[in-house]
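Q: 3D, please:
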Amino acid sequence: MVAAVVCPHPPLLFRELSGAQDAVPELRAACRVAIVSALTPTPDVVVVVGGADEAREWEASLPVDVRRFGTSTAPQVSGSDGSLPLSLGVGKRLLEEAGWGGYVQFHSLPWDADAASVTEAARAVGKVEGRAVLLVLGDGSTHRGEKAPGYFDDRAFAYDDEIRRALAEGDAEALTRLDPALAEELGVQGRAAFGVLGEVVAGQGGRPRAQVSYRDDPFGVEYTVALWDLS
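A: Below is the predicted model of the structure:
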């Protein structure tokens, strides 16, 4: 693994869902810059990891059914209809927008995956041969304001701060220690995927050169973009 990128996966990263004016232009730009940076020099493979309803590897040829994520109801995330789930669909779209046309592997694991499941996913990712870039899709808490999807919970701020600190400092071990029970209460949909990143990088040894290029909660949900140089 030569680099890793962390991006969130709000449906609004599908540009066609935000109407005439881009609702998240700064977030979109930060994701693109981080991914393009990670893809230079060109790797052999990009491994995309995100949360879904099940642990599995997905065919790279599966479509992204954007219509499923643009309704007024809560978006379906499982991909059970033969398309990619939300997190991996956003990852595929971000790679396309960054100009990547090479080999991609897609792995999902449950949002509430236990430690053993996170370790199993990390082992699968770690077996990838060649120069690989890891793209991790995950949102922070959904409780950062009265208009947030999960309303307001002041515990969200400390939890998100720890994730940001770990990503900014390249602290892989900290990402493996995130509290799963509290993450579920706070609606942190990236906790398991962050854990995979932590285990993969900790297993390689060394400390990555880390940078957080974006952090905000425009809709009461924590979004963070980070780049780890592992070369």
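
Q: burial count for P63?
A: 11 (other C-beta atoms under 10 Å). (Each C-beta comes from the backbone N, C-alpha and C, glycine too.)

Q: What does the pLDDT read for it?
A: pLDDT for P63: 92.

Q: Name the nearest residue to it, ignoring sequence neighbours.
A: Excluding its sequence neighbours, the residue lying closest to P63 (C-beta to C-beta, 6 or more residues apart in numbering) is S83, at 5.0 Å.

Q: ok, now how distant is the one you found from V48?
A: In this view, S83 and V48 are 15 Å apart by C-beta to C-beta, to the nearest Å.

Q: cool, and K127?
A: 15 Å.

Q: give me the low-pLDDT residue ranges for this structure?
A: Residues of the chain that meet the criterion pLDDT under 70 lie in 70-81.

Q: And the residue nearest the centre of it?
A: Note on the chain: the residue nearest the mean C-alpha position is L137, at 1.1 Å, using C-alpha atoms, centre = their mean.

Q: list the contacts for that residue?
A: By C-beta atoms under 8 Å, 6 or more residues apart in numbering, the contact set of L137 is 6-9, 48-51, 87-88, 90-91, 190, 193.

Q: Which pair in those has the greatest spatial separation?
A: Greatest spacing in these, by C-beta to C-beta: V6 and L88 (14.5 Å).

Q: and the residue lying closest to V64 once chain neighbours are set aside, what element?
A: Leaving aside its sequence neighbours, V64 sits nearest to G89 (C-beta to C-beta, 6+ apart; 3.9 Å). Using DSSP states H and E, G89 maps to helix 86-97.

Q: Between V6 and L88, which has more neighbouring residues?
A: It is L88, of V6 and L88, that has more neighbours when counted by other C-beta under 10 Å, with 28 against 25.

Q: any idea where the helices of the protein begin and end?
A: Ranges of helices in the chain, per DSSP state H, are 25-38, 86-97, 115-126, 155-169, 172-176, 180-185, 191-204.

Q: Of those helices, which is nearest Y223?
A: Among the helices of the chain, the nearest to Y223 by C-beta to C-beta is helix 25-38 (5.8 Å).

Q: Run through the neighbouring helices and strands of the closest one.
A: If you count contacts as 3 or more C-beta pairs under 8 Å, 6 or more residues apart in numbering; DSSP states H and E, helix 25-38 packs onto strand 3-7, helix 86-97, strand 132-137, strand 209-216, strand 223-229.

Q: Same list (the ones you listed) but as a markdown table, adding distance to A158.
A: Conversion of the helices and strands packed on helix 25-38 to a markdown table gives the following (distance: least, C-beta to C-beta, whole Å):
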| stretch | distance to A158 |
| --- | --- |
| strand 3-7 | 19 |
| helix 86-97 | 24 |
| strand 132-137 | 21 |
| strand 209-216 | 15 |
| strand 223-229 | 15 |
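
Q: how about stretch 34-47 as PDB, C-alpha atoms only?
A: What follows is stretch 34-47, C-alpha atoms only, in PDB (Å, rounded to 0.1, in the frame of the first residue of the first chain):
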ATOM      1  CA  ALA A  34      -6.500  14.100  -2.600                       C
ATOM      2  CA  ILE A  35      -7.300  11.200  -5.000                       C
ATOM      3  CA  VAL A  36      -5.300  12.600  -7.900                       C
ATOM      4  CA  SER A  37      -2.400  13.100  -5.500                       C
ATOM      5  CA  ALA A  38      -2.600   9.500  -4.300                       C
ATOM      6  CA  LEU A  39      -2.700   8.300  -7.900                       C
ATOM      7  CA  THR A  40       0.600  10.000  -8.800                       C
ATOM      8  CA  PRO A  41       2.700   8.000  -9.600                       C
ATOM      9  CA  THR A  42       0.200   5.600 -11.200                       C
ATOM     10  CA  PRO A  43      -0.500   2.500  -8.900                       C
ATOM     11  CA  ASP A  44      -1.300  -1.000 -10.000                       C
ATOM     12  CA  VAL A  45      -4.700  -1.100  -8.300                       C
ATOM     13  CA  VAL A  46      -7.000   1.000  -6.300                       C
ATOM     14  CA  VAL A  47      -8.800  -0.700  -3.400                       C
END
